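Asker: model this:
(one chain, ligands or ions: 1)
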Amino acid sequence: MAQSFDRPITFPDIPGYQTLKVDLHMHTVFSDGSVWPDIRVREAVRDGLDAIAMTDHIEYQPHEADIPHPDRNRSYEIAVELAARLDSNLMVIRGSEITRSMPPGHSNAVFLDDVNPMIQDEPLDVFREAARQNAFTFWNHPMWLGQRKDGVAVLTDMHRDLIAQGLLQGIEVVNMHDYSAEALQIALDNDLTIIGTSDIHSLIQWEFEHDHNGHRPITLVFTTDRSQEGLHRALMAGRTVVWFRNMLVGRDEYLVPLIESSLTLESAAYAGERSVLEIVVHNASDVNYILRSESGYTFHQNSDVVMVKPNGNTTLHLKTLEQLEEVVIPFTVLNAVNAPDRHPVFVLDVAVN
Ligand code: ZN
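Answerer: Numbers count the residues shown, from 1 in each chain. A predicted model of the protein is given here:
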């Protein structure tokens with residue numbers, strides 16, 4: 001039997017915005033990745049992504065002896081050509097990774113016009129060139145153990161300067177397998193866009209265990225239109241939520257509408273004279289929601305913590321003690337964070353059928 005590796009990631013749109021699934025950090029043989037750029041495009045199509053950015057290292061090219069490439073736009077050009085030929089909806093964004101020791105560490109500049117002028121001696125000049133090209137620039141893996149022994153993201157004076165000069169607009173709160181609460185706090189304190197990326201060097205399917213329901217970390221970007229311009233505007237405006245393992249990370253402003261668009265009431269009814277309300281909740285997303293009821297009522301088949309399975313219906317049995325016409329259930333969404341160790345509240349307004 002033929003096996004399909006297609007596993008489109010699913011999220012609903014939110015009021016006023018389209019939800020685009022985006023991965024803004026990846027590598028090919030044109031820097032230290034193990035694959036030709038076409039693989040990055042095919043992986044993204046299988047994952048149902050809306051956009052990827054090709055972000056090979058500028059300053060680090062271990063395969064240079066075998067694959068000399070004076071033109072740093074090549075991985076993007078090969079990828080964009082294939083995406084067009086596949087007739088996919090995938091947008092390919094031209095980018096590059098600025099690869100420096102700390103500070104400033106590594107950063108990605110995406111939506112570049114030309115990667116070649118990004119080759120500069122002084123790190124500050126690279127950021128200035130990115131800004132001159134109107135790029136969206138974000139700090140990569142500030143928690144990376146390769147540059148921070150303690151895994152703690154710390155804002156340096158150089159980063160403060162970059163932010164103050166408008167040269168840095170985002171920060172990876174999730175990179176590959178790592179999440180940083182400290183990076184999330186830095187994003188909130190400095191009005192930076194919250195980003196999560198795969199930083200894939202090998203194969204998505206291996207690295208993120210597709211065979212065991214894994215998925216790459218992505219950034220959900222809320223756009224007014226489905227175009228690179230729309231995406232760029234939304235990223236600059238900080239309209240993102242990160243999807244990592246079974247966790248959502250973002251500001252309440254976008255996180256709560258995403259949860260509300262994901263979870264909707266399918267039906268609610270009492271069986272005969274019983275006062276146990278059967279509530280069917282539909283989940284239109286890939287998230288296995290873990291909700292803690294704050295309603296004061298107890299459930300007939302659960303403790304105060306319930307799970308609402310992805311892409312389907314889940315029935316909750318709420319003991320309301322008498323038959324009610326309406327119940328309002330506030331839930332703490334335990335697998336979503338809007339600040340370090342803080343969870344958003346989702347209110348399910350249940351009108352009984
Ligand atoms: Zn990288």
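Asker: quickly check: the helix or strand of the chain with the lowest mean pLDDT near the ion or not.
Answerer: The helix or strand of the chain with the poorest confidence is helix 204-207; it has a mean of 93 (mean pLDDT, DSSP states H and E). No. On the criterion C-beta under 5 Å from the ion, helix 204-207 is out of touch with the ion, staying 12.9 Å away. The way it works is simple: take the backbone N, C-alpha and C, and place the C-beta from them, glycine included.
Asker: mind listing what's buried along that helix?
Answerer: 204, 205, 207 (16 or more other C-beta atoms under 10 Å).
Asker: residue 181: which of those residues is nearest?
Answerer: Closest approach to residue 181 among the buried residues of helix 204-207 (C-beta to C-beta): residue 207, at 22.8 Å.
Asker: out of everything not next to it in sequence, what's closest to that closest one?
Answerer: Nearest in space to residue 207, with sequence neighbours left out and distances taken as C-beta to C-beta, 6 or more residues apart in numbering, is residue 200 at 6.0 Å.
Asker: now swap in residue 277 and tell me
Answerer: Using C-beta to C-beta, 6+ apart, the closest residue to residue 277 is residue 318 (4.6 Å).
Asker: just residue 297 next, same as before
Answerer: Nearest one to residue 297, counting by C-beta to C-beta, 6+ apart, is residue 318 at 5.3 Å.
Asker: share the number of residues neighbouring residue 34, please.
Answerer: By the criterion of other C-beta atoms under 10 Å, residue 34 has 13 neighbours.
Asker: can you tell me the SS state at the residue nearest to residue 277?
Answerer: Secondary structure assignment for residue 318 (DSSP: H, G, I helix; E, B strand; the rest coil): strand.
Asker: now residue 331: which helix or strand?
Answerer: strand 326-333 (DSSP states H and E).
Asker: swap that for residue 269, please
Answerer: Applying DSSP H and E, one finds residue 269 within strand 263-270.
Asker: who touches that strand?
Answerer: Contact partners of strand 263-270, identified using C-beta atoms under 8 Å, 6 or more residues apart in numbering, comprise 276-284, 289, 308, 313, 323, 327, 346, 348-353.
Asker: need the mean per-residue confidence for it.
Answerer: For strand 263-270, the mean per-residue pLDDT is 98.
Asker: near the ion, which residues of this structure show up?
Answerer: Residues of the chain lying near the ion (C-beta under 5 Å from the ion): 97, 199.
Asker: does the spatially most distant residue from the centre of the chain count as helix, strand or coil?
Answerer: Within the chain, the residue lying farthest from the chain centre (C-alpha atoms, centre = their mean) is residue 273, at 46.1 Å. Per three-state DSSP, the secondary structure class of residue 273 is coil.
Asker: measure it to residue 324 for me?
Answerer: Look at residue 273 and residue 324: by C-beta to C-beta, to the nearest Å, they are 14 Å apart.
Asker: read off the pLDDT value for the residue farthest from the centre of the chain.
Answerer: 95.
Asker: measure it to residue 323 for me?
Answerer: 8 Å.
Asker: now the helices for the protein?
Answerer: Per DSSP state H, the chain carries helices over the ranges 37-46, 74-85, 123-132, 157-164, 181-190, 204-207, 228-236, 252-262.
Asker: from those, which stretch is densest packed?
Answerer: Scoring the helices of the chain by mean neighbour count under mean count of other C-beta atoms under 10 Å gives helix 37-46 as the most buried, with a mean of 22.
Asker: coming back round to it: which other helices and strands contact the strand holding residue 331?
Answerer: The contact analysis (3 or more C-beta pairs under 8 Å, 6 or more residues apart in numbering; DSSP states H and E) places strand 326-333 against strand 289-293, strand 345-351.
Asker: let's have the ones you listed in CSV, adding mean neighbour count and mean pLDDT.
Answerer: Listed next are the helices and strands packed on strand 326-333 as CSV, based on neighbours: other C-beta atoms under 10 Å; pLDDT from 0 to 100:
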stretch, mean neighbour count, mean pLDDT
strand 289-293, 21, 98
strand 345-351, 16, 97
